[in-house]
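Enquirer: fold the stuff below for me.
(chains A and B)
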Amino acid sequence: MTATVAKAEDGTDTPYALSHLDALESEAVHIFREVAGEFERPVILFSGGKDSIVMLHLALKAFAPAPVPFSLLHVDTGHNFPEVLEYRDRVVAAHGLRLHVASVQDYIDRGVLRERPDGTRNPLQTVPLTEKIQSEKFDAVFGGGRRDEEKARAKERVFSLRDEFSQWDPRRQRPELWNLYNGRHAAGEHVRVFPLSNWTELDVWQYIAREGIELPEIYFAHEREVFARDGMWLTAGEWGGPKAGETVEKRLVRYRTVGDMSCTGAVDSDAVTLEQVITEIAASRLTERGATRADDKMSEAAMEDRKREGYF
Amino acid sequence: MSTITTEELSATTLLRFATAGSVDDGKSTLVGRLLHDSKSVLTDQLEAVQRVSADRGQDGPDLALLTDGLRAEREQGITIDVAYRYFATPRRRFILADTPGHVQYTRNMVTGASTAELTVILVDARNGVVEQTRRHAAIAALLRVPHVVLAVNKMDLVEYKETVFAAIAEEFTAYASELGVPEITAIPISALAGDNVVDPSANMDWYGGPTFLEHLESVPVAHDLSHCHARLPVQYVIRPQSADLPDYRGYAGQIAAGSFRVGDPVTVLPSGSTTKISGIDLLGKPVRIAWTTQSVTILLEDDIDVSRGDLIVPSKDAPATTQDIEATVCHVADAPLTVGHRVLLKHGTRTVKAIVKDIPSRLTLDDLSLHPHPGQLVANDIGRVKIRTAEPLPVDSYADSRRTGSFILIDPADGTTLTAGMVGESFAAPEPVKDASDEDGWDF
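Expert: Numbering: from 1, shown residues only, chains lettered A, B, ... in the order given. Down below sits the predicted model:
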């Protein structure tokens, strides 16, 4: 038995099927609207990276013509790419949004957090993030995490309950049935919400191309002063690189992810348009994290361990 | 696999499917091969697996490490929970709900199958249809997954014999059809050797059907809207209240079934108010028609009271509202569900108080017989339940609509998701309720 395909209104054979991007978009919008309907104080984690940019774009569409009913939260490591901060501030102003900033540098300056010997600040984000969630009483926190990024994330729910310490317990997750998301939580707990759960890196890029979404320039090939460390091209800067023995050279590179400068690597690339970026990713034999993230290589369960502690 | 062009990428559709398999039937191998052959296992992931396997003194890469993502899973060599995996071919993108095959599988399979349009049931060709296969078929029927694939695996171990495959396919098809599974496709494969998974097998030239992947790529995902009752659960009311849009009032939601057109006379439930659709916004741009799974905003001609939790339906095709729901449920929580249990029931976008009035029967998945008045349902049990809700709900039969015929029960104390519910008659031909004498044999 085969399902009959309904005719479209114009009499052509176009079935009532959605393209994969339309299906993912519709699902993500549904998730944004569920949160708006069920939570008191949601916030969108916004780093200025492509995933959070797509999240914001989806939120804008979900509530159009009304404004997005959420504020944004940036966990500022203090080692940001200047182009990304500029982009962040421009977007916030353009849409009349409110931006909260949780600053790792503040915590280090106050002596609450200590700089790691390797200079990597990504793992230091957890404390400022979770304290900000508590102090602002956010009850739903949107993250741009995708299940295709990493095998611990493949186990993540769309609505992921976190306890009062923001901890993730993979063994106590709620089953997610149909599209009936369960956002119940006790006072002090919150729910991490991942509207891009079912998207892949390629989906994100295709969607950016289709929707004509502007990105920070570091996503496209440009000449940059970089040096090699642990098989990655890192940007030279005040954050602590290069060290003795590491030499700076000028290369044509671009970034596949945006994060802390100390652990986010660039890849050799001459892709200057979205089309070229998509072609490059479709042909790549490396995952974006494997190619560009030092922090995920620390141990076999690095991501899981950080997520348990409250990382996004 | 050749490089995918950008044009090909944007023309693809999305298929959500789930696997069901018991331990040792080769599910991991099949998933591993699909991921591997579709370029979804990338070099750095494979290197990580090879590194860990070598550290443990294993000869070759242990592909289970690709899918078992959690520390405890790797330590114990088991899969704890549903994981979602992604891969793509030039023709389609896939979301695979990879469900574990260990003993406590029913709730996981229900979870995976609830969003799936296709379920893969694996069978070991040497063992044929076993109890576990029948359970999987029963759950696929219960969840009304539109397409079922029977993958007869390990054909290499039965000398690729057509007679072995044909006998298994025939037995399964007869059983599953009786349960009401609408479409069954049987494919002989060897996940280990790669026969008929991605490439056609040279060892089984008697098989003229599609390979496993070809079938996944060509199963229809479009909806037949001519028989669907149109349903829009209202998620959120959009009111910009701005200077240029002082009167805009839109009802946002994802269309759960059917289609809506501008001008359609509609009724808002449970209030019963009627009006007409004056406009449809599809994420910011006006359209004349919208259909199922599109997230839209509907504008109404009259200024009537509509809020989150309401259901907009065609006036000529409105479901009855009721406070007494009969349903088949799968209990997914560790604590049991008992008669008298006070719960929350989430249906569409509405959450109401409810009480479990009766548990008339529990299903024995082994032989599909009904065990009367079990008193409670424990984790992984499937049973019939009668629920009284504090407010009237417009529910459809799950047979008519997977979205508006389904609900979840939630523990009001701690928010735990307790139970997955499917409204209406049970899936199988009703069996006479048999005596409660035999307690054994169904502790799945």
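Enquirer: any stretches of the stretch 151-300 of chain A with poor pLDDT?
Expert: A:285-300 (pLDDT under 70).
Enquirer: for it, which segments count as strands?
Expert: Under the criterion DSSP state E, counting those that start in this stretch, the stretch 151-300 of chain A carries strands at the ranges A:159-162, A:190-193, A:222-229, A:232-235, A:249-255, A:266-268.
Enquirer: cool, and the stretch 1-150 of chain B?
Expert: Counting by DSSP E, counting those that start in this stretch, the strands of the stretch 1-150 of chain B are B:13-20, B:83-88, B:92-98, B:118-124, B:147-153.
Enquirer: among the strands of the stretch 151-300 of chain A, which comes closest to B:Val82?
Expert: strand A:159-162 (13.6 Å; Cβ to Cβ). Placement of C-beta: from N, CA and C, glycine included.
Enquirer: export the closest one as CSV, just CAs?
Expert: Output of strand A:159-162 as CSV, limited to C-alpha atoms (Å, rounded to 0.1, in the frame of the first residue of the first chain):
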residue,chain,number,x,y,z
PHE,A,159,13.9,20.1,26.3
SER,A,160,16.7,19.2,28.7
LEU,A,161,16.0,19.6,32.4
ARG,A,162,18.8,21.0,34.5
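Enquirer: quick one: strands adjacent to that strand?
Expert: Strand A:159-162 has the following sheet partners, assigned by DSSP bridges: strand A:190-193 (antiparallel).
Enquirer: and B:Val423, what is it in contact with?
Expert: B:Ile325, B:Glu326, B:Ala327, B:Val395, B:Asp396, B:Ser397, B:Tyr398, B:Gly405, B:Ser406, B:Phe407 (Cβ atoms under 8 Å, 6 or more residues apart in numbering or on different chains).
Enquirer: so how far is the helix or strand where the third one lies from its chain's centroid?
Expert: Assigned by DSSP states H and E, B:Ala327 falls within strand B:321-331. Here the centre of mass of C-alpha atoms in strand B:321-331, compared against the chain's by Cα atoms, centre = their mean, to the nearest Å, lies 18 Å away.
Enquirer: got it, and stretch B:116-134?
Expert: On the basis of Cα atoms, centre = their mean, stretch B:116-134 is displaced by 17 Å from the centre of the chain it belongs to.
Enquirer: just stretch A:87-107 next, same as before
Expert: Put simply, stretch A:87-107 sits 15 Å off its chain's centre (Cα atoms, centre = their mean).
Enquirer: is chain B within reach of that stretch?
Expert: No. Stretch A:87-107 does not reach chain B (Cβ under 8 Å from any Cβ of the partner chain); its nearest approach is 11.0 Å.
Enquirer: span of that stretch from start to end?
Expert: One end of stretch A:87-107 to the other measures 24 Å (Cα to Cα, to the nearest Å).
Enquirer: what does it contact?
Expert: Residues outside stretch A:87-107 that contact it (Cβ under 8 Å, 6+ apart) are A:43, A:46-48, A:53, A:56, A:60, A:67-68, A:71-78, A:113, A:121, A:124-125, A:127-129, A:131-132, A:136, A:214-216.
Enquirer: still on that earlier bit, most tightly packed of the strands of the stretch 151-300 of chain A?
Expert: Among the strands of the stretch 151-300 of chain A, strand A:190-193 has the highest mean neighbour count (mean count of other Cβ atoms under 10 Å in any protein chain shown), at a mean of 25.
Enquirer: give the ChimeraX command for selecting the buried subset of the contacts of stretch A:87-107.
Expert: Applying 16 or more other Cβ atoms under 10 Å in any protein chain shown to these leaves a buried subset, and the ChimeraX line that selects it is:
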select /A:43,46,47,48,53,56,60,68,71,72,73,74,75,76,77,78,113,121,124,125,127,128,129,132,215,216
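Enquirer: sec struct for B:Ile312, please.
Expert: Under the three-state scheme (DSSP: H, G, I helix; E, B strand; the rest coil), B:Ile312 adopts strand.
Enquirer: show me what it is bridged to.
Expert: Judged by DSSP bridges, the bridge partners of B:Ile312 are B:Leu232, B:Val268.
Enquirer: residues contacting it?
Expert: The contact partners of B:Ile312, by Cβ under 8 Å, 6+ apart, come to B:Arg231, B:Leu232, B:Val234, B:Tyr251, B:Gly253, B:Phe260, B:Val266, B:Thr267, B:Val268, B:Leu269, B:Ile298, B:Val306.
Enquirer: ok, back up a step: any chance of the strands of the stretch 151-300 of chain A in JSON lines, plus distance to B:Arg384?
Expert: What follows is those, written out as JSON lines (distance: least, Cβ to Cβ, whole Å):
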{"stretch": "strand A:159-162", "distance to B:Arg384": "28"}
{"stretch": "strand A:190-193", "distance to B:Arg384": "32"}
{"stretch": "strand A:222-229", "distance to B:Arg384": "62"}
{"stretch": "strand A:232-235", "distance to B:Arg384": "58"}
{"stretch": "strand A:249-255", "distance to B:Arg384": "56"}
{"stretch": "strand A:266-268", "distance to B:Arg384": "57"}
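Enquirer: please identify which of the ones you listed is closest to B:Val152.
Expert: Between the strands of the stretch 151-300 of chain A, strand A:159-162 lies closest to B:Val152; by Cβ to Cβ that is 37.3 Å.
Enquirer: can you give me how far that closest one is from the chain middle?
Expert: Worked out by Cα atoms, centre = their mean, strand A:159-162 lies 17 Å from the chain centre.
Enquirer: same check, this time on stretch B:315-327
Expert: 23 Å.
Enquirer: hmm, who's touching that stretch?
Expert: So stretch B:315-327 is contacted by B:229-230, B:265-267, B:269-270, B:274, B:311, B:313, B:345, B:354, B:357, B:384-396, B:398, B:404, B:407, B:421-424 (Cβ under 8 Å, 6+ apart).
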